[in-house]
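> Return atomic coordinates for the entry below.
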Amino acid sequence: MRRSSAAIDLMEGVVFGAIALAVLLYSRSLSGILGLSMSPGLFPAVSAVALLFVSVLLIAEGARAGKAGPRMTSGEGASSASGADGSAQGSAAGVSPSETMDWKGIVIVFVTSLIYVWLIPRISFTWASVLYLFAFLYEMGERRWTMMAVVALGSPWVLYFIFSVLLKVALP
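Numbering: from 1, shown residues only. Sure thing, here's the model as predicted:
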């Protein structure tokens, strides 16, 4: 029996909320000399608060949807997803999630991520990120080379400027 998506939202909200609280507690131990404003724990703390906020929203959505009645997840209720001729209109009706996953894409992204981690100490964070973003965007289906160039070149250099120049934080 599959769980309703409301129950899944509730479970995910609780799990992500617990992770957010753990990161928030840990980030308090990363104190700096000048207090929280320049502490290495500032970014994890802000990220944890954002994750906690989203977790609360997810829990609220799951609770609201649970009161409205169970919703069907993909793969349930093939009869309600069939057309007048009896053919299934839903692409995932009666198909398990493992059959509809793009395993080739998952493996490509995983291997590309490993190569990215390996490249960072060799060619710097910025240039490794440029290569990674080009490969990742291409794998995700982006074929507009100008868009790929703007995102792949712009994002790492904006991050470099923010962290290295403005915040004086060394990047790997």
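> in the protein, which helix or strand is least confident?
helix 97-100 (a mean of 62; mean pLDDT, DSSP states H and E).
> Pass me the low-pLDDT residue ranges in this structure, would you?
Residue ranges of the chain with pLDDT under 70: 1-4, 31-39, 68-101, 172.
> Which residue is the nearest non-sequential neighbour of the most centrally placed residue in it?
Nearest to the geometric centre of the chain sits residue 51, at 11.2 Å (Cα atoms, centre = their mean). Among residues not flanking residue 51 along the chain, residue 20 sits closest, at 4.0 Å (Cβ to Cβ, 6 or more residues apart in numbering). Placement of C-beta: from N, CA and C, glycine included.
> same check, this time on residue 26
residue 44 (7.1 Å).
> Residue 22 is in contact with the one you found, correct?
No: assessed by Cβ atoms under 8 Å, residue 44 is found out of contact with residue 22, at 10.4 Å.
> between these two, which one's more packed in?
Using other Cβ atoms under 10 Å as the criterion, residue 44 and residue 22 rank with residue 44 on top: 16 against 11.
> Look up how far residue 27 lies from the more buried one.
Going from residue 44 to residue 27 by Cβ to Cβ, to the nearest Å gives 4 Å.
> Show me where the chain has its helices.
5-28, 42-68, 97-100, 103-123, 125-139, 145-160 (DSSP state H).
> Not counting its own residues, what contacts the first one?
Same thing as helix 5-28. 3, 41-42, 44-45, 47-49, 51-52, 54-59, 61-63, 65-66, 68, 70-71, 73 (Cβ atoms under 8 Å, 6 or more residues apart in numbering).
> neighbours of residue 118, just the number please.
10.
> likewise the one 10 residues further on?
The number of residues packed near residue 128 is 20, by other Cβ under 10 Å.
> show me what contacts it?
116, 119, 120, 122.
> mind redoing it with 7 Å?
116, 119, 120 (Cβ atoms under 7 Å, 6 or more residues apart in numbering).
> how about the nearest residue to it, chain neighbours excluded?
residue 119 (4.0 Å).
> ok, now which ones touch residue 134?
148, 152.
> separation between it and residue 119?
12 Å.
> With residue 126 instead?
11 Å.
> Ok, residue 151 next?
Residue 151 is 18 Å from residue 119, by Cβ to Cβ.
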